[in-house]
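Asks: fold the following and give me the result.
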Amino acid sequence: MRDITESFSTLVHVISSLGRPLLIIFDDLQWAVDLITYLMVDRIPDQFVEIAPITQVLFVGLYRSDEVNDNQILSTRYFPAFNSVTTMDVHSILLPELTRRACNSLITNALRLPSRLMRSLADIVHGKTSGNVFCINVRWVWRLDTVKVAPITEDIAQLMTRNLQILPETTMYALQLLSCLGSNADESICMLLKDHIDIFNELEISIERNIIEKEGQVYKFTHDILEQSVYDMMSTQEQNNKHLFIGLELLKDSNKMLGSQFRPVMLIAIDQINRAKVLRNTQLSSSCSAEISMSMSDFLPALSYAEHGISFLDDHLWDHYKLALRLYEMSCNACFKSYQIDEMQRFLDEIFDHAKYLLDKLLLIEALVLMGQDGSATDHAFSLLEELGDLSPEKIPPHLILNEVLAARKALSSYTDHDIKNAPRVSDWSLIARIRVLGSLMPFLFAEQPQYIPYIACRIINLSIQHGCGVTEIEFMMICDYIFFNTGFSSDSSFGLISQNPKAKVRFLYFLVFFRKPLQAVVDLHKNNYRSALMVGDAFSACVSIGHYTRLRTMCGHYLPDLEKECKTFSTHMTQLTYPSACLTYLGISDAIHKLSGSPMTPFSLMPGLKIRNKEDYIQQLEAEGISHTLQAGYFSALFVSFWHTKYVDAANWAKKYRCWNQNRFLDVYHSFYEGLSSFQLACNCSHDNISLEAGRCAITLFKKWNFFF
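Replies: Here you go, the predicted model:
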C-alpha cells in the first residue's frame, strides 16, 4: 500500500504544475475501500502540504448523502481530516433533490415548450427519478449519415412521387434505367450504360432531390414506392425496350472482361434480356446463362435458366431448331449433373422425337450410356443404323462378321500408315453423318453388344475406301489399328496420335487395347488410361479402365498381395466417383483378389456409399439392376474365385448363370477357359459325368475361337 501511495504522490508531482492544473475525482466515496481511505485521509493532505508551493490540484469527492450517516467512514474520518488541514481550501456542495416545480422548469427549458404542457410529463419524470438532478437530463444527439439513409415514410414518398413529373427528361430517363436494374445498382454497372445522357450527372440531381441515395458504390432509391412509381410511369413497351437496351449494352461490354468481373455482369445482362420478353433474345440469353451456371457448377440454376428459355417457345418451338436443341441439351446436362434422371429422360425423349439430324440423336444414346441404360442405348443405336440403310448387326451371325473382318484386312493390305493418315476426306455430308454415326456407336456397343464392333468397324473402313474418310484422323487410325490388331500393322501410329488428344484417348483406349498382344503389354495402358480419365473428368472410362487393369493383372499372374494393396487405393478413389454401374463392374474382380489373397477385407467395406455388405448383396444388386455386362462380370468373378478354391460345382453354377445372358463379350475368352477347366475337373471327379465332359469340350472349343479372333 505504501508503494501505491508513493507512486500516486509522484504522479501528482510530475504531471501537475502552476501552468498545468490537475483535476482528480473520487466518485461514490460512500463505497470507498481501505486503500482509498488511507490515500485520501493520510497521504493526500500531507503530500499537498509538501508540494503546495508548486502544485495546482483540485480534488473532487462525490458521495450520496442519503447513504452517509454519522457512523459512516466519511463522517468519522474523511470530513474531520480534511477540515483540519489549514493549507487546503475545503468546500462542501450539497445538491438536494429537485422539487416538482423545479423539475417542470428544467424540462420546459430543455424542450422549449410552455410549462403548462410539460406539467404532466414533469410529474412522471419526478416520480421516476425522485427528483435526482443527475437522472433528469436530456441531450439531443444526431448522426448525419444515419439520418441521410433513414427510410422515408410512405406519405412523404407519395408526395415525392408527384414531384417526379416535374423532373428534367434526362434525369427521368436515368431513373428509369436504374428502376429496371432493381432497388439498387452498382456504380460499375451504371458506368457500362452508354447512351445520349451522362447518367452519373443525372443521378446526382436525383440525389439532391432525395429520390435516390448513394452508399459507397451503390445507388438505391430512398423508398420502394419511388422505385415502383418510376418503373410504372413507363409503358410495357418502354419497359421492355429499356431492359433490352441494358442487357445488350452489358452483354457487349462483358465480352471484354476477364475472370471474376465477367460472370456477374453477364448474368445481369441475361436477366435484363429475359425481362425484355423478346422471344429470340430470351432463348439465347437463357442458353448463355445456363452455360455460365454450368461452368460455375451451379446446376440447379442452370436448369432453371434453360427451362425459362424453353417456356418462351410456342407450339412451333422446334421451328427454331438450333436454339431449341441447345436449350434441351443444356437441360439434359444440368439434370444429369444434379442427378434428376427422370427429368433428364423427359428432355432426351423430346430431343429424339424432334431431332432433324442423326448426329443430334446421338445425344440420347450417349446420355443413356451415362445413365447405365446400355440396353436402351443399343436399341436406339440400331434404329439409327436402320435409318442409314445399313443391315442391323443383330441379323449378322458371328462367322459372317469374321468374314467381314478378313475382307477389310485384305482391302487395306496395300495401305501404309502414311496412306491412312492422309486418306482423302469425304465431301458428301450425308455420308459424313453416316460414317460418324457408325464411329460413335463403337464405344456404346462395347459394354452391351461388343460382338457387333467388328462389323461396324468394317463398315466404316469400306465406306471410307469407297467415298473418303468421314471420321477424324485419330478415329480412323484407331479403327484401322483395330482391324489389323493381329498383324502388328500400325502398331504405334494411332497411339502416337491419340496422345495429342487426351479426351480421344480416354474415349477409345479403354476398349482398343483389348486387341493388343501380349496381354502383359497392355496392362499398364489401362492404368494410364484410368489416370487420364480422372484428369479429364471421365468417370465412366476411369471405372472401366481400372476394372480391365485389375482383371488383366489377375489373369496374367501378378503377385496377389501387390494387387490387393492397389485395390484398396482404387476403392478409395471409387468412393469419389458418381458412376455406380461402372464401379460395380470393378468391385467383382476386386472382391475376387481380396478372397484369393486370403484377406478378410472386402472392397464393399471401403465403399459404404453403395450399401453392399458382402458378395451376396453384390450379386442381388446386379440382378436387380439387370445390366447385362455388369452382371456377367459379377458372375465371372464368382466363377473365378470358386474355381481357385476348388469349388467346381459352384463354379459350374456360376458358369451356367453367365451363359444365360447369351452375349459375346471380350470377357468370354476368360470365362470359356475357366468354364472348361471347371467342367473337366467335374468330369474327372465323376467318370460317368458325360455332361460335364461335353461342357468342357464346348468351352475349350469356344475359347480357341475367341483366342483366334483375338
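Asks: can you list the domain ranges for the chain.
Replies: Domains of the chain are assigned by automatic domain parsing as 2-83, 251-356, 501-625, 629-710.
Asks: mean pLDDT lowest where, among the ones you listed?
Replies: Lowest mean pLDDT within the domains of the chain: domain 251-356, at a mean of 64.
Asks: and I211, how far from T10?
Replies: Going from I211 to T10 by C-beta to C-beta, to the nearest Å gives 64 Å. All C-beta atoms are positioned from the backbone trio N, CA, C, and that covers glycine.
Asks: what about those two, which has more around it?
Replies: Ranked by neighbour count (other C-beta atoms under 10 Å), I211 and T10 place I211 first, with 25 against 11.
Asks: apart from its neighbours in sequence, what residue is nearest the more buried one?
Replies: With sequence-adjacent residues excluded and distances taken as C-beta to C-beta, 6 or more residues apart in numbering, I211 is closest to L226, at 5.8 Å.
Asks: you'd agree that neighbour is up against N210?
Replies: No. Between L226 and N210 there is no contact under C-beta atoms under 8 Å: 9.3 Å.
Asks: and these two? which has more neighbours close in?
Replies: Shown here are L226 and N210; by other C-beta under 10 Å, L226 has more neighbours (24 against 15).
Asks: quick one: the strands in the chain, in order.
Replies: Secondary structure of the chain (DSSP state E): strands located at 22-26, 57-61, 184-186, 212-215, 218-221.
Asks: picking up where we left off before, need the pLDDT of the residue nearest to I211.
Replies: 82.
Asks: which residues are contacting stretch 114-133?
Replies: With contacts defined as C-beta atoms under 8 Å, 6 or more residues apart in numbering, stretch 114-133 is touched by 95, 97-100, 102-108, 111, 135-136.
Asks: for it, which residues meet the burial criterion?
Replies: 118, 122, 125-126, 129, 131-132 (16 or more other C-beta atoms under 10 Å).
Asks: likewise for stretch 593-606?
Replies: Neighbour-count burial for stretch 593-606, with 16+ other C-beta under 10 Å as criterion, is recorded at 593-597, 602-604, 606.
Asks: cool, and stretch 184-199?
Replies: Using 16+ other C-beta under 10 Å as the test for burial, stretch 184-199 gives 185, 189-190, 192-193, 197, 199.
Asks: who's in contact with Y586?
Replies: With C-beta under 8 Å, 6+ apart, Y586 has these contacts: 543, 546-547, 550, 570, 574, 603.
Asks: how about the nearest residue to it, chain neighbours excluded?
Replies: In space, Y586 is closest to G547, 4.0 Å off (C-beta to C-beta, 6+ apart).
Asks: does that neighbour touch L584 like I think?
Replies: No. Between G547 and L584 there is no contact under C-beta under 8 Å: 9.4 Å.
Asks: hmm, back to that, and of the strands of the chain, who's closest to L74?
Replies: Proximity to L74, assessed across the strands of the chain by C-beta to C-beta, is greatest for strand 57-61 (8.4 Å).
Asks: partner strands of that closest one, with direction?
Replies: If you go by DSSP bridges, strand 57-61 pairs up with strand 22-26 (parallel).
Asks: next, the buried residues of the partner strand.
Replies: Across strand 22-26, burial judged by 16+ other C-beta under 10 Å covers F26.
Asks: also stretch 632-645?
Replies: Across stretch 632-645, burial judged by 16+ other C-beta under 10 Å covers 632-643.
Asks: burial count for the residue nearest to F221 when sequence neighbours are not counted?
Replies: Nearest residue to F221, sequence neighbours excluded (C-beta to C-beta, 6+ apart): E227, at 4.1 Å. Counted by other C-beta under 10 Å, the residues lying close to E227 total 22.
Asks: these two touch, right, E227 and L181?
Replies: No. Between E227 and L181 there is no contact under C-beta under 8 Å: 9.9 Å.
Asks: in the sheet, who's paired with E215?
Replies: For E215, the beta-bridge partners under DSSP bridges are V218.
Asks: for Y219, give me the pLDDT.
Replies: If you check Y219, the pLDDT there is 90.
Asks: separation between it and A185?
Replies: Note on Y219: its distance to A185, by C-beta to C-beta, is 5 Å.
Asks: just C458 next, same as before
Replies: From C458 over to A185 the distance is 64 Å, taken as C-beta to C-beta.
Asks: need the nearest residue in space to L62, chain neighbours excluded.
Replies: In space, and not counting its chain neighbours, L62 is closest to D27: 4.8 Å by C-beta to C-beta, 6+ apart.
Asks: how many residues are close by the one you found?
Replies: 10.
Asks: that one and R64 touch, don't they?
Replies: No. At 10.3 Å, D27 does not count as touching R64 under the criterion of C-beta under 8 Å.
Asks: quick check: W318 touching H354?
Replies: Yes. Between W318 and H354 there is a contact at 4.6 Å, judged by C-beta under 8 Å.
Asks: what sits in contact with each of these two?
Replies: Residues touching both W318 and H354 (C-beta under 8 Å, 6+ apart) are A324.
Asks: can you give me the distance of the residue nearest to E350 when sequence neighbours are not counted to F570?
Replies: Of all residues not flanking E350 in the chain, Y328 sits nearest, at 5.9 Å (C-beta to C-beta, 6+ apart). Note on Y328: its distance to F570, by C-beta to C-beta, is 36 Å.
Asks: higher neighbour count, the two?
Replies: When Y328 and F570 are compared for neighbours, Y328 comes out ahead with 25 against 22, by other C-beta under 10 Å.
Asks: contacting residues for S678?
Replies: 639, 642-643, 648, 651-652, 655, 696.
Asks: what about 6 Å?
Replies: Going by C-beta atoms under 6 Å, 6 or more residues apart in numbering, S678 touches 643, 648, 651-652.
Asks: now swap in L534 and tell me
Replies: A542.
Asks: that one and N528, how far apart?
Replies: Counting by C-beta to C-beta - L534 and N528 are separated by 11 Å.
Asks: what's around the residue lying closest to Q681 once chain neighbours are set aside, how many residues?
Replies: Excluding the flanking residues, the one nearest Q681 by C-beta to C-beta, 6+ apart is Y648, at 4.5 Å. A total of 21 residues lie near Y648 under the criterion other C-beta under 10 Å.
Asks: would you map the helices across the stretch 151-300 of the chain?
Replies: Ranges of helices within the stretch 151-300 of the chain are 154-163, 169-181, 187-191, 199-208, 224-232, 236-254, 262-275, 279-295, 299-311, based on DSSP state H, counting those that start in this stretch.
Asks: what packs against the second one?
Replies: To tie it back to what came earlier, the one meant is helix 169-181. Helix 169-181 is packed against helix 199-208, helix 224-232, helix 236-254, with contacts defined by 3 or more C-beta pairs under 6 Å, 6 or more residues apart in numbering; DSSP states H and E.
Asks: the shortest one: which residues count as buried?
Replies: Okay, so that is helix 224-232. By 16+ other C-beta under 10 Å, the buried positions in helix 224-232 come out as 225-227, 229-231.
Asks: among the residues you listed, which one lies nearest to I15?
Replies: Nearest to I15 out of the buried residues of helix 224-232 is L226 (C-beta to C-beta; 57.8 Å).
Asks: that closest one and A638, how far apart?
Replies: 75 Å.
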